[in-house]
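In: only the shape, not the letters, is given here:
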């Protein structure tokens, strides 16, 4: 089991106002799955993703990652997990401006223990995997949105993580670019990578193999996708 | 991440964000440069004051006329002497005989005496009111002024009431321009005076312009122009500086006897050694140093606030970047290391530029001073000023670079990323 979560709760407290975001979630995810976490905004799906991706800590409940109890880890160890086990793709890309594609993709490797000689080779390989080799020395802010998101995927891949988390990866893109991103994610999953996709669009979520529906901090549905959509050129993302 | 990689990364970051780097370093540069300029100017002013003192010579005792005290109460007497001055009370007791007697004292090498007057002077229709400085021929040996062309007048010319004159360089320029002057005759109070020499340019010393003077024999000035017999001051040169105070006391007794004064409170003269003048000037330079310290303090605060602001804004802007770095696996130490190295690099770059700029501006100041009548201004950059400037900017640069970064590095990655 890659991810095993039981009775996970998240409560935000600010100035005596208590906001319950997650009300005791329980779910398992196997290695190699392509899961959509779907729900309207405010449902808690992003919070769940942040907890699963070691960016946030649960208020209570258990979270086992590869059999290890993550809730007991210190910040230092969580940073190591983020660096080596997961890759993130965000809606707003989050690339460093005025920095080349190459250096952006290399960013996670600055904090990894990979030998220096291997790093540049690895960076080139993942840039090639998202078809961005021709833009390697461009600044990130010289690229289109779709190209920026492909660079962000390369950056998520560079550490060869166990899971890729994609938070509304097509949210800021036009349809054609969005399809390309979904194509890349499906291809990566075909190659064995676990993908967790967070989205509020049913259509986009149907590119995954399994959909977990969340509403008001509770799981309201968890089932495999019957008619899975395969991203193809010319398809219109709705 | 090791240190070399961190440094490489920092250099990359700094070069990528050129505007931010420039703004940050400019705060450091201005802070450092202003400290160096202010401290260098302070040294310049000190050297200027000491240099002016030096142009008079330090082996000098001056005997000068003074309106005597009339009352017992000292403050009151000072007031009265002030009033007496205003009312035009003249002290006419200091005579050439006093100088001759002073010259007989054991520690005295020689003396000159002088009196000032102001008369209309003309050459070929050019009329000018000129300060006349009547001095004995010994002025030439004792004073530091030098002859540029011709000669100074002799003792026999003085005693023979010769109508000869030595011109200051500016006065010569005013009356004659570039043409030859030696042997020409100018009119002083409608009497013909032959020009025998011209003094070298000397500049103003203590607001007294030596270059605008006409030097004439003291006796000629006394008898033929002013119609008086007294002097304003006697300048004596001594041999042994360790006996200077004793010699000054001997002069006081001697002049008192010559002037029939029994009560020192009623002295109509005052004797000062350069050592005493030095003490007065030491107080003045002390005050100037204090003023400069205040100025340095202000420039430190201004520079510091500048550095602080830019650093603070820079780090706040970079909270997202910090969030992203933590998201991809940087831990607290990685982020802090990066900011410390960046701050140190900025401080070093800004420090070097600031020091060079400060030295350059100080040099311009020096050039300006020496070409604008302050020849004894010296160009001095002290190690102390560089250490103070660097120390302070390192403190502000690193402290205010690292403090906000600490706060940002402690945020949850997702919180920092959302800002």
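Out: Done, it's in. Keep in mind it's a predicted model, so treat the numbers as computed, not measured.
In: from the stretch 1-150 of chain B, which residue is nearest to chain A?
Out: Residue of the stretch 1-150 of chain B nearest chain A, by C-beta to the nearest C-beta: residue B:16 (4.8 Å). For the C-beta atoms, the positions are set from N, CA and C on the backbone; glycine is no exception.
In: ok, that residue - how many residues close by?
Out: Residue B:16: 16 surrounding residues under other C-beta atoms under 10 Å in any protein chain shown.
In: next up, the contacts around it.
Out: Applying C-beta atoms under 8 Å, 6 or more residues apart in numbering or on different chains, we find residue B:16 in contact with A:96, A:98-99.
In: which residue sits closest to the spatially most central residue of chain A in space, ignoring its chain neighbours?
Out: With distances taken as C-alpha atoms, centre = their mean, residue A:165 lies nearest the centre of chain A, 1.2 Å away. Spatial nearest neighbour of residue A:165, excluding adjacent residues (C-beta to C-beta, 6 or more residues apart in numbering or on different chains): residue A:53 at 4.7 Å.
In: remind me, longest helix of the chain?
Out: Here I'm looking at chain A. Of all segments of type helix in chain A, defined using DSSP state H, the longest is helix A:175-190.
In: please refer instead to chain B.
Out: Max-length helix for chain B by DSSP H is helix B:274-317.
In: state the mean pLDDT of that one.
Out: For helix B:274-317, mean pLDDT is 77.
In: cool, and stretch A:220-235?
Out: Averaged across stretch A:220-235, pLDDT comes to 89.
In: again, but for stretch B:161-171
Out: Per-residue scores along stretch B:161-171 average to 92.
In: ok, now stretch A:44-60?
Out: For stretch A:44-60, mean pLDDT rounds to 93.
In: element containing residue A:164, please.
Out: Using DSSP states H and E, the element containing residue A:164 is strand A:163-167.
In: sheet-wise, list the partners of that strand with their directions.
Out: strand A:86-89 (parallel), strand A:194-199 (parallel) (DSSP bridges).
In: show me what residue of chain A gets nearest to chain B.
Out: Closest point on chain A to chain B, by C-beta to the nearest C-beta, is residue A:83, at 2.3 Å.
In: so that residue makes contact with residue A:111?
Out: Yes - in this structure, residue A:83 is within contact of residue A:111 by C-beta atoms under 8 Å, at 5.2 Å.
In: what touches both of these two?
Out: B:328-330.
In: which of these fall in helices?
Out: In helices, judged by DSSP H, none of the shared contacts of residue A:83 and residue A:111 are found.
In: any chance of those residues in a markdown table, with neighbour count, pLDDT and distance to chain A too?
Out: Converted to a markdown table, the shared contacts of residue A:83 and residue A:111 look like this (neighbours: other C-beta atoms under 10 Å in any protein chain shown; pLDDT from 0 to 100; distance: C-beta to the nearest C-beta, whole Å):
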| residue | neighbour count | pLDDT | distance to chain A |
| --- | --- | --- | --- |
| B:328 | 24 | 93 | 4 |
| B:329 | 25 | 91 | 2 |
| B:330 | 26 | 91 | 5 |
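In: in the chain, which spans are helices?
Out: No chain in the question, so chain A it is. A:45-52, A:75-84, A:101-106, A:116-129, A:145-157, A:175-190, A:202-205.
In: switch to chain B, that's the one I care about
Out: Under the criterion DSSP H, chain B contains helices at B:3-16, B:18-56, B:74-86, B:96-102, B:139-142, B:155-159, B:169-176, B:218-220, B:244-258, B:274-317, B:319-327, B:332-371, B:383-410, B:413-418.
In: pick out the shakiest of these, pLDDT-wise.
Out: The weakest mean pLDDT among those belongs to helix B:74-86, with a mean of 48.
In: so what's the closest residue to residue B:308 other than its chain neighbours up against?
Out: In this structure, residue B:308 finds its nearest non-sequential neighbour in residue B:400, 4.4 Å apart by C-beta to C-beta, 6+ apart. When contacts are counted by C-beta under 8 Å, 6+ apart, residue B:400 touches B:307-308, B:311-312.
In: need the residues of chain A near chain B, please.
Out: A:50, A:55-56, A:75-76, A:79-80, A:82-84, A:88, A:90, A:94, A:96, A:98-99, A:103, A:107-108, A:110-112, A:116, A:155, A:159 (C-beta under 8 Å from any C-beta of the partner chain).
In: let's see 7 Å
Out: Neighbours of chain B within chain A, by C-beta under 7 Å from any C-beta of the partner chain: A:50, A:55-56, A:75-76, A:79, A:82-83, A:88, A:94, A:96, A:98-99, A:107-108, A:110-112.
In: can you get me a residue count around residue B:233?
Out: Using other C-beta under 10 Å, residue B:233 has 17 neighbouring residues.
In: what's the distance between it and chain A?
Out: Applying C-beta to the nearest C-beta, to the nearest Å, the value for residue B:233 to chain A is 74 Å.
In: how confident was the prediction at the residue lying closest to residue B:228 once chain neighbours are set aside?
Out: Distances taken as C-beta to C-beta, 6+ apart put residue B:222 closest to residue B:228, at 5.5 Å, once the chain neighbours are dropped. Note on residue B:222: pLDDT of 92.
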